[in-house]
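A.B. asks: the following comprises the amino acid sequence and a computationally predicted model.
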Amino acid sequence: MYKFSVAIITKNEEKNIGRCLESVKWADEIVIVDSGSTDKTLKICRKYNCKIIESEWLGFGKTKKFAVDSATNNWILSIDADEEVTPDLKKKILEILDNPKFNGYKIKRKSFYINKWINHCGWNKEYKLRLFNKQFGNFNEQMVHESVKLNGKIAKINKILKHYTYPNISSHLQKIDRYSKLFATELFKNGKKTSIFMAILKGKIKFLQMYFLQLGFLDGKEGFILSLNSAYGVYLKYLKLWEMNK
């Protein structure tokens with residue numbers, strides 16, 4: 001069986017990191033790249049004998065890439081601090097690593113929003129490339145909305161990676177504000193422009209897509225709130241881009 005490393009980036013994740021690490025404690029190595037935690041995150045990580053590297057914040061893509069590069073093994077399982085590997089997913093990963101037939105694997109993710117598991121809104125179709133051989137690729141260097149760029153064939157794993165997104169509405173709105181600035185900054189650096197009208201239009205389209213086309217209404221009140229907040233996030237991204245170009 002191939003040995004593998006788990007790569008995680010952290011900053012003030014004491015509420016999540018224990019659950020995450022407990023779900024991957026069977027890994028050959030756990031690499032933590034921490035960007036200035038001031039809570040109990042690192043104390044919890046030390047309990048799991050993690051390889052801890054403290055680094056300045058480089059943006060999501062570069063920081064995750066740094067975590068992967070710092071791993072001893074070629075096979076990488078990259079997860080976020082607010083995610084949890086289920087027993088079925090663990091079993092499947094071990095089966096794959098016994099004889100990998102692909103260079104990377106996209107894992108099905110199921111997300112918990114406020115007080116409910118979301119089964120629609122487009123979140124039910126999320127597959128993230130998280131298990132891969134770093135000899136064939138790594139994360140791109142995007143500041144936000146980072147992803148793994150990999151050469152070779154990729155397969156899907158239908159076992160669940162649990163994602164505990166936002167415990168309350170405030171945490172979602174705070175992240176929207178932070179991410180929208182990063183997204184707008186990246187677009188601005190690439191010379192992109194927009195208008196207030198386009199910002200509003202893109203936000204409306206996002207809501208219609210999630211709530212109606214992707215059946216978000218079947219997720220009840222949580223589906224409505226998620227769709228509305230997501231639409232607001234899209235609107236805010238482009239509004240901030242407009243402001244930067246003003």
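C.D. replies: Perfect, I can see it now.
A.B. asks: how about the helices in this protein?
C.D. replies: Secondary structure of the chain (DSSP state H): helices at 17-23, 41-47, 60-69, 87-98, 169-189, 196-208, 220-245.
A.B. asks: so which of those is nearest H163?
C.D. replies: Relative to H163, the nearest member of the helices of the chain by C-beta to C-beta is helix 17-23, separated by 10.5 Å. (Each C-beta comes from the backbone N, C-alpha and C, glycine too.)
A.B. asks: buried residues, that closest one. List them.
C.D. replies: For helix 17-23, a neighbour-count test (16 or more other C-beta atoms under 10 Å) marks 17-18, 20-21, 23 as buried.
A.B. asks: same question, stretch 20-40
C.D. replies: Within stretch 20-40, the residues that qualify as buried are 20-21, 23-24, 27, 29-34, 37, counting by 16+ other C-beta under 10 Å.
A.B. asks: rewinding a little: which one of the buried residues of helix 17-23 is nearest G122?
C.D. replies: For these, with G122 as the reference and C-beta to C-beta as the criterion, the closest is C20, at 23.9 Å.
A.B. asks: wait, isn't that closest one in contact with I8?
C.D. replies: Yes. Proximity of C20 to I8 meets the contact threshold set by C-beta atoms under 8 Å, at 6.9 Å.
A.B. asks: which neighbours do the two share?
C.D. replies: Both C20 and I8 are in contact with 79-81, where contact means C-beta atoms under 8 Å, 6 or more residues apart in numbering.
A.B. asks: ok, for the residue nearest in space to the middle of the chain, nearest residue in space, not its chain neighbours?
C.D. replies: Nearest residue to the geometric centre of the chain (C-alpha atoms, centre = their mean): D80, 5.8 Å. Nearest residue to D80, sequence neighbours excluded (C-beta to C-beta, 6 or more residues apart in numbering): I8, at 7.0 Å.
A.B. asks: in terms of contact, does that neighbour touch I76 like I think?
C.D. replies: No. Taking contact to mean C-beta under 8 Å, the distance of 10.8 Å between I8 and I76 leaves them out of contact.
A.B. asks: with adjacent residues omitted, what lies nearest to T194?
C.D. replies: Distances taken as C-beta to C-beta, 6+ apart put Y238 closest to T194, at 4.7 Å, once the chain neighbours are dropped.
A.B. asks: tell me the contacts of D98?
C.D. replies: Neighbouring residues of D98 by C-beta under 8 Å, 6+ apart: 1-2.
A.B. asks: buried residues of stretch 185-193, list them for me.
C.D. replies: If you call a residue buried by 16+ other C-beta under 10 Å, then stretch 185-193 has these buried ones: 185-188.
A.B. asks: likewise stretch 72-90?
C.D. replies: Judged by neighbour count (16+ other C-beta under 10 Å), stretch 72-90 contains these buried residues: 73, 75-85, 89-90.
A.B. asks: mind splitting this protein into its structural domains?
C.D. replies: Recorded structural domains for the chain (assignment: automatic domain parsing) are 4-166, 169-245.
A.B. asks: neighbours of the residue nearest to T194, just the number please.
C.D. replies: Under the neighbour criterion other C-beta atoms under 10 Å, Y238 is assigned a count of 25.
A.B. asks: pipe the domains of the chain into a markdown table and attach mean pLDDT per row.
C.D. replies: Conversion of the domains of the chain to a markdown table gives the following (pLDDT from 0 to 100):
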| stretch | mean pLDDT |
| --- | --- |
| domain 4-166 | 97 |
| domain 169-245 | 97 |
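A.B. asks: next one: Y166 from N140, what distance?
C.D. replies: 25 Å (C-beta to C-beta, to the nearest Å).
A.B. asks: and for V6?
C.D. replies: Following C-beta to C-beta, the distance that separates V6 from N140 is 20 Å.
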